[in-house]
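Enquirer: Sequence and computational prediction follow.
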2 protein chains.
Amino acid sequence: MHKAPAGERRPHDEGEPPAVRPAPRLPDAAGRVRPVIEGIRPLVEGGRHPAKAAVGDVVAVEADVFVDGPDLLTCEVRHRPPGATDWVTVPMESLGNDRWRAGFFVTELGRHGYEVRAVPDRFGTWRRDLRARADDGQDLAVELLVGAEIIEAAAGRAGGDVGRRLREVAGELRRAPRGLESALGGPVGGLVDRRNGGPEPSVADLVFGERLAALVRDVPESEGWATSGPLDLVVDPERARFSTWYELFPRSASPTAGRHGTFADVEGRLDYLVHLGVDVVYLPPVHPIGRTRRKGPDGSPDAGPDDPGSPWAIGSPEGGHTAVHPELGTVEDLERLVRTARRRGIEVALDLALQTSPDHPWVTEHPAWFRHRPDGTVRHAENPPKRYEDIYPLDFETEDWRALWAAVLAVLESWIGRGVRVFRVDNPHTKPLAFWEWLIAQVKADHPEVIFLAEAFTRPKVMYRLAKVGFTQSYTYFAWRTTKWELESYLHELTATEVADYFRPNFWPNTPDILTEQLQTGGRGAFMSRLVLAATLSASYGIYGPAFELQEHVPRHPGSEEYRGSEKYTIRHWELDRPDSLAELVARVNRIRHDNPALHHNQTLRFHHVENDQLIAYSKTYLIEEPRYLGARPAHDPRDPNAVVAVVNLDPANVQSGWLHLDLAALGVDPGRPYDVHDLLTDAHYRWEGPDNFVKLDPDVVPAHIFRVRRPRPEEPT
Amino acid sequence: MHKAPAGERRPHDEGEPPAVRPAPRLPDAAGRVRPVIEGIRPLVEGGRHPAKAAVGDVVAVEADVFVDGPDLLTCEVRHRPPGATDWVTVPMESLGNDRWRAGFFVTELGRHGYEVRAVPDRFGTWRRDLRARADDGQDLAVELLVGAEIIEAAAGRAGGDVGRRLREVAGELRRAPRGLESALGGPVGGLVDRRNGGPEPSVADLVFGERLAALVRDVPESEGWATSGPLDLVVDPERARFSTWYELFPRSASPTAGRHGTFADVEGRLDYLVHLGVDVVYLPPVHPIGRTRRKGPDGSPDAGPDDPGSPWAIGSPEGGHTAVHPELGTVEDLERLVRTARRRGIEVALDLALQTSPDHPWVTEHPAWFRHRPDGTVRHAENPPKRYEDIYPLDFETEDWRALWAAVLAVLESWIGRGVRVFRVDNPHTKPLAFWEWLIAQVKADHPEVIFLAEAFTRPKVMYRLAKVGFTQSYTYFAWRTTKWELESYLHELTATEVADYFRPNFWPNTPDILTEQLQTGGRGAFMSRLVLAATLSASYGIYGPAFELQEHVPRHPGSEEYRGSEKYTIRHWELDRPDSLAELVARVNRIRHDNPALHHNQTLRFHHVENDQLIAYSKTYLIEEPRYLGARPAHDPRDPNAVVAVVNLDPANVQSGWLHLDLAALGVDPGRPYDVHDLLTDAHYRWEGPDNFVKLDPDVVPAHIFRVRRPRPEEPT
């Protein structure tokens, strides 16, 4: 009612009575909830997309949580594994400035739930204020009765034995003498631990002791909770976070020059891949290759009869996306390769390239899935004015989209049914984002172990959105980030912003499409430094081999990033045992990665200052102090913090040296004591003291240090 | 259906048929929408709270908008004033990197709607690709037919005359000759403008001309739109963005020492306030003051019979929050003051302090609105161990909260009914945020012109949330930000981050509660520099006077921020015409503020480098190039850009000098030409050239420059 509150109509309050208006609309009880929750991490687009974690991670959840006035809060994170109906509650700890944090350990694949909740902490607030009043010498009698009421309310919610014990405590408070000193000093029975003997416990011991607090804490408030609402977290296999990839063309895998490689040949190469330390081997498309408008060597438009064509021109009378190219072997051969590789610790990744050759069965069986021009021809792939006449794109705007989407899902399910768990997706940015969101969610609902790597080299926001809609890992701009400033700023964006909540970078120094200018001109030193950068900056990385370890570096023509004699169009024969091969360095770097859990994550990446712009230095750590990782790898002894510092010479042509200034605090090293530095590449040991040390790196030898840094141990050599 | 797509069952595809499973759930058509909209500004907590603007603003809306593949997009902002049902559409322009922007002009108070929408631009994409194909010399015949289909589809959506004209164009394209040169070179009739004579228009003129594009643009796509959904924007009066406040105690406003001041005395002071350039005069609570446990001078616990008490101890037998203190006059006197002040361009702001003295009528009439302790006493205000026994807080957790909330709304409506439009709210952070959100929304639904200033000095996230839930302006930490680094980083946070979307700072160098150490010890120079900083860094600022202009600076005791002889507890008599008064400087600074639209906004604030940490330099601009403000003040000639540079000596004790390096681009000044610099404080004129100039400021004279910077004009003195 629009009128002055009763009691206000006094002589000095004689203005005109306001017009009558309807009673104001009042919120229901939920509209009165006092705590506020904001700024949750991880959180992707306000919860529109799931955050990501991997099995074995401790997921650290942070939020700004606050309430009006000086009341204390109870804040908690609740976590629910896939399929569970009950929440597991973890209390959050205050980080100051209204920021709170808690972590939970994830062990199950699939879509988990989490939420942040908060409620005013009446008991804690009362206890804090009682302490302040006591310290000030105030009479506490009435305040003890207030506390008794709060504890009795908790007892009412608890019931049973806990309720009884709480009521006993409330009774003690009600019986406590009135005077201050006596009130807090007087003896009580009940809840105070007397096992250690000592003086008779007092009311203060009772009120401020941990036992009462624990009892009350276990009886949560029944109303007044604020909540973030449930949020989604996709938990992937550990390989989603930490993986070492290797791309190879099976048709070039024959040990015999001139013979078409087969799946069996790839099986024969597993020893080599295991030695390298690879855990995902990615095969470009293995399907039948079209003949119509087939491309010749280096992509020339006129293929000869013996030219093998591009594996990305998928489909021939022999079949489409669920068939395999006859010269590679049979589907069973591929299945055996997948099984054999898995026994050796390697997953086989297939390519999902959603396009066809003009000879793909879909072209005649599902003409509606292709765009037809007004003259009746099928529109081929193009990026005007460029034309790719051996490729037909699928038309995702077709009226028959439901059938098309279902068919793609069926392709994936077919390969998953044959044991494949990893897919590298070709150019996902040219297919609708909504399609990927649907497709990946469908697959992962039944097969949460499946990993999708997005091969999108496009504008940054599109690349990030692909990760948000579900891609497990993503190619990046790493290949073109070569200066210290470029690397530092790009890595900051990837590892120290919200991007880290959903985007998992996979760093590739080369691919069959990308032979960077640096690799063309930088010689062996460039290959070595790019390898170390990729392998230590990013927990997931890959190389296209054997071109990489054999330092293939001649471009199709000056200014091109294409390889001359590209395997995309030509079968190559590689001499793996060439003495100049970098295979042993690759193997060593991957062993270092495997042995050092610091390198299995990206979020601890810190750059350190070096007084030379051609030298870059950074560290990753796996420390007990880092709650995000606490318990993440139970097999790893948390008392043994792992800290790795890499220093890389970015100049492939010259020796570079300079003073390195380590942020010792970031490494968990006591600045006042010497510490041990072990170069895991050369096996050299040093003992350093203080943050400043001189480093010098020769690209003709090894252009990088990968140091393990640790406090000295008497029993170790120094 | 889980089976390989038809046509795939070939010899090489003979793996086990996957088990039958239900057809995948497919989204409806909305689930296929291709464009993505992210990163909208302004946007407050993902749209949970409205953004803010003021009447006369151009609201610039930005968003990341992108789509899979290379298609062009049509992006637009739609805007809907309060009560309107139709949207007004403004096309967005691309800023690069998938960022888009558009602005709309707001002229009506109240809650507006806006949204961002996007759809693939089929016509534009076709036209872009056609240009690339033509430049490459490709045959365009079929592509012209494709264009004809796109234009015919638009014609079908348009109907009527536009449809007829579009169909004519499509016909021209269908009739165009097949050859490339002839196709784009051949003559057409129809849509091409021939008024200027010139050669016969060609198909190229038709296709690439602006007329066809405009026709198609006016026929929007009927489906495939992505939308942000409607978002709220609260449009406040201009004074919400740009305002000059002055706090005074009416009881100290008597021109006669020893007589209690009245509302009529405040009316008598309006000439003075108009001269100062004030546009909001804020009165501490004007309600009857309680007697029970009334505080004496400087807050002492034992008031004498003649001590007037604190105006914040609201309520006595004479009435509560809707009554006025008898010694100040009557409600009618206050109403007349409000009316008279408004005629002079000044709004009277009342204080909303939601607490009572023990003598407030609510204490007996609504005991449920207060918290009672177990001994039956009402809990007084406290911050343990501190006790404020003359004040009872209202219990917002009462079961009778509906009546309490309604009563507070009735208090506001009572004063609004008497003409008050501005409220300064006392300690809002000690009342529930949900309450404020409800209360302010209720008031502004009927009275969108009302302004609420939040007097919260608490943790940053709580202060920001108060602004999000509806407060129009907010007190800040400005009083305690004194070094260059502190000021620059705080102002960056307030003006260059999302905070600017909802939080409007109001800078106060002093208040009756805040006599900073700098003002206590810094002398006249400190008062002058703090005045200039507040008035030029923030579009809204205020002073507590006459204490400020008379440089009142003695604390209650060393280390205290309270004034000795604080007006909170004592009636003071002020000699306004003291020769050392800073009133003339205040008047001059406020005239400068009024005359320079650059100072009416905060978002253009830029700091400039000075080679002396005791000197701070910054600029604000109001430039035609700034789309945010384009047209915002139609009365201001957009060809006359306004650029103001302030340089302030932060050291109140010493002359400071140093080289100033202006970012001339930010000022719209051509770096290669001389420019005019007019010190609006001293009226000195300079002609500068290049970014680097030497500045020197003496705190004993005027410790600041406020320069108007502009390109030289021949007719002006230099």
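Expert: Arrived safely, thanks for sending.

Enquirer: Can you get me a residue count around the residue of the stretch 201-350 of chain A at minimum distance from chain B?
Expert: Per CB to the nearest CB, A:Gly319 is where the stretch 201-350 of chain A lies closest to chain B, at 3.9 Å. Just so you know, the C-beta spots here come from the backbone N, C-alpha and C atoms, and that holds for glycine as well. Each residue near A:Gly319 was counted by other CB atoms under 10 Å in any protein chain shown, and the total is 25.

Enquirer: could you point out where the stretch 501-650 of chain A is predicted with low confidence?
Expert: Along the stretch 501-650 of chain A, the model assigns pLDDT under 70 to residues A:623-640.

Enquirer: show me where it has strands.
Expert: Using DSSP state E, counting those that start in this stretch, the strands found in the stretch 501-650 of chain A span residues A:505-507, A:540-544, A:606-610, A:615-622, A:642-649.

Enquirer: Convert the C-alpha atoms of stretch A:696-708 to CSV, please.
Expert: Output of stretch A:696-708 as CSV, limited to C-alpha atoms (Å, rounded to 0.1, in the frame of the first residue of the first chain):
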residue,chain,number,x,y,z
LYS,A,696,75.2,-19.9,-23.2
LEU,A,697,73.6,-22.0,-26.0
ASP,A,698,75.2,-23.1,-29.3
PRO,A,699,72.7,-24.1,-32.0
ASP,A,700,75.3,-26.3,-33.6
VAL,A,701,75.4,-28.5,-30.5
VAL,A,702,72.1,-28.4,-28.5
PRO,A,703,70.3,-25.0,-28.5
ALA,A,704,68.5,-25.7,-25.2
HIS,A,705,68.7,-26.6,-21.6
ILE,A,706,66.0,-28.5,-19.9
PHE,A,707,66.9,-28.3,-16.2
ARG,A,708,65.5,-30.2,-13.4
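
Enquirer: count of residues packed around the residue of the stretch 51-200 of chain A found nearest chain B?
Expert: Per CB to the nearest CB, A:Asp136 is where the stretch 51-200 of chain A lies closest to chain B, at 3.3 Å. Number of residues near A:Asp136 (other CB under 10 Å) recorded here: 12.

Enquirer: Run a quick neighbour tally on the residue nearest to it when sequence neighbours are not counted.
Expert: Spatial nearest neighbour of A:Asp136, excluding adjacent residues (CB to CB, 6 or more residues apart in numbering or on different chains): B:Pro385 at 3.3 Å. Neighbourhood size, B:Pro385 [other CB under 10 Å]: 14.

Enquirer: Just after the least confident helix or strand in chain A by mean pLDDT, pick out the following helix or strand.
Expert: For chain A, using mean pLDDT, DSSP states H and E, the weakest element among its helices and strands is helix A:180-185, scoring a mean of 49. Moving toward the C-terminus from helix A:180-185, the next helix or strand (DSSP states H and E) is helix A:203-208.

Enquirer: Which secondary structure elements does that following helix sit against?
Expert: Contact partners of helix A:203-208 among helices and strands, from 3 or more CB pairs under 8 Å, 6 or more residues apart in numbering or on different chains; DSSP states H and E: helix A:122-135, helix A:160-175, helix A:180-185.

Enquirer: Please identify the buried residues of that helix?
Expert: By neighbour count on 16 or more other CB atoms under 10 Å in any protein chain shown, the buried set for helix A:203-208 is A:Val203, A:Ala204, A:Asp205, A:Leu206, A:Val207.

Enquirer: likewise stretch A:66-85?
Expert: So stretch A:66-85, judged by 16+ other CB under 10 Å, has buried residues A:66-69, A:71-81.

Enquirer: from those, which two are the most distant?
Expert: Longest distance between any two of the buried residues of stretch A:66-85 is 36.7 Å, between A:Gly69 and A:Pro81; criterion CB to CB.

Enquirer: coming back round to it: tell me if I'm right that the residue of the stretch 51-200 of chain A closest to chain B and B:Arg387 touch.
Expert: No. Using CB atoms under 8 Å, A:Asp136 is not in contact with B:Arg387, being 9.1 Å away.

Enquirer: List the residues that contact A:Tyr477.
Expert: Residues in contact with A:Tyr477, defined by CB atoms under 8 Å, 6 or more residues apart in numbering or on different chains, are A:Phe457, A:Tyr490.

Enquirer: Let me know the pLDDT of it.
Expert: The model reports A:Tyr477 with a pLDDT of 98.

Enquirer: again, but for A:Ala666
Expert: For A:Ala666, pLDDT reads 88.

Enquirer: That one should be in a strand, yeah?
Expert: No. Counting by DSSP: H, G, I helix; E, B strand; the rest coil, A:Ala666 falls outside a strand, being helix.

Enquirer: can you count the residues close to it?
Expert: With other CB under 10 Å as criterion, A:Ala666 counts 19.

Enquirer: which one among the buried residues of stretch A:66-85 gets closest to B:Lys431?
Expert: Among the buried residues of stretch A:66-85, and counting by CB to CB, the member closest to B:Lys431 is A:Asp68, at 5.9 Å.

Enquirer: got a list of what the nearest residue to the closest one once chain neighbours are set aside touches?
Expert: Counting by CB to CB, 6+ apart, B:Pro432 is the residue found nearest to A:Asp68 once chain neighbours are left out, at 5.2 Å. Contacts of B:Pro432 were listed using CB under 8 Å, 6+ apart, and they are A:Arg32, A:Arg34, A:Asp68, B:Phe396.

Enquirer: so can I have JSON lines of those showing secondary structure?
Expert: What follows is these, written out as JSON lines (three-state DSSP):
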{"residue": "A:Arg32", "secondary structure": "helix"}
{"residue": "A:Arg34", "secondary structure": "coil"}
{"residue": "A:Asp68", "secondary structure": "coil"}
{"residue": "B:Phe396", "secondary structure": "coil"}
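
Enquirer: from these, which two are the most distant?
Expert: A:Arg32 and A:Asp68 (11.4 Å).

Enquirer: quick one: strands adjacent to the longest strand along chain A?
Expert: Ordering each strand of chain A by length in residues (DSSP state E) puts strand A:110-120 first. Paired neighbours of strand A:110-120 in the sheet (DSSP bridges): strand A:73-80 (antiparallel), strand A:226-227 (antiparallel), strand A:231-236 (antiparallel).

Enquirer: and the following helix or strand past the first one, average pLDDT?
Expert: Right, the one you point to is strand A:73-80. Sequence order places strand A:88-91 as the next helix or strand after strand A:73-80, per DSSP H and E. Across strand A:88-91, pLDDT averages out at 94.

Enquirer: likewise stretch A:409-416?
Expert: pLDDT averaged over stretch A:409-416 gives 98.

Enquirer: Please export the C-alpha coordinates of it as CSV.
Expert: Extracted in CSV, the C-alpha atoms of stretch A:409-416 (Å, rounded to 0.1, in the frame of the first residue of the first chain):
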residue,chain,number,x,y,z
LEU,A,409,27.8,-39.8,-36.4
ALA,A,410,27.5,-43.3,-38.0
VAL,A,411,31.0,-42.9,-39.5
LEU,A,412,32.5,-42.1,-36.2
GLU,A,413,30.6,-44.9,-34.4
SER,A,414,31.8,-47.3,-37.1
TRP,A,415,35.4,-46.5,-36.3
ILE,A,416,34.9,-46.4,-32.6
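
Enquirer: That stretch near chain B anywhere?
Expert: Yes. Stretch A:409-416 lies within reach of chain B by CB under 8 Å from any CB of the partner chain, at A:Leu409, A:Ala410, A:Val411, A:Glu413, A:Ser414.

Enquirer: show me what contacts A:Tyr686?
Expert: So A:Tyr686 contacts A:Asp676, A:Val677, A:His678, A:Asp679 (CB under 8 Å, 6+ apart).

Enquirer: Give the next helix or strand downstream of the helix or strand harbouring it.
Expert: For A:Tyr686, the host element (DSSP H and E) is strand A:685-689. Once strand A:685-689 ends, the next helix or strand along the chain (criterion: DSSP H and E) is strand A:692-697.
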